[in-house]
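In: The following block contains a protein sequence and its predicted model.
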Amino acid sequence: MKKSAIFLLFLVTISLLNLNLLGRWFIDEPLQRGEIETGYVIVRNDGDTKLEDVNVKFYILDLGLRYNSMASDVAKNDHVVQRLFMSIPQNVPPGDYLTKIVVGNDKVRDSKFIYLRII
């Protein structure tokens, strides 16, 4: 697999009962400097009401980088796959970077902090 085509896979669980929006996630890293990486996020709605305008955001805090997926609706007891394109600047020093993942819309939101490795 080409380094420019490294994929991220996150499994995100959305539940309106306990507002646990961000569940399990899986990632294939490291990310490559100077490349456009693609992330795929599975957003599931296990609740009994439709979720509107749900999106996923990645914030690489130390670098001031932010990446957004397109907003989409998630029908009750259904899921959608959201895609993020992440342009990693060439001048980023290699290392592990604290990243905030946010899933939600204007009504419900959850987040988690992880470390992403960039080489």
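Out: All right, it came through fine.
In: Could you export stretch 63-74 as CSV, CA atoms only?
Out: The C-alpha coordinates for stretch 63-74 follow below in CSV (Å, rounded to 0.1, in the frame of the first residue of the first chain):
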residue,chain,number,x,y,z
LEU,A,63,0.1,21.9,15.0
GLY,A,64,-3.1,24.0,14.8
LEU,A,65,-4.5,21.7,12.1
ARG,A,66,-8.2,20.9,11.8
TYR,A,67,-9.9,18.4,9.4
ASN,A,68,-13.7,18.1,9.0
SER,A,69,-15.9,15.5,7.4
MET,A,70,-19.0,16.5,5.5
ALA,A,71,-22.1,16.6,7.6
SER,A,72,-24.6,13.8,7.1
ASP,A,73,-27.8,12.5,8.6
VAL,A,74,-27.9,9.2,10.4
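In: Who is L98 paired with across the strands?
Out: Residues in a beta bridge with L98, per DSSP bridges, are Y115.
In: The residue lying closest to D96 once chain neighbours are set aside - how many residues pack around it?
Out: Distance criterion C-beta to C-beta, 6 or more residues apart in numbering; nearest residue to D96, sequence neighbours excluded, is Y115 at 4.6 Å. In short, each C-beta sits where N, CA and C put it, glycine included. By other C-beta atoms under 10 Å, the residues close to Y115 number 11.
In: what residues are up against Y115?
Out: Neighbouring residues of Y115 by C-beta atoms under 8 Å, 6 or more residues apart in numbering: D96, Y97, L98, T99.
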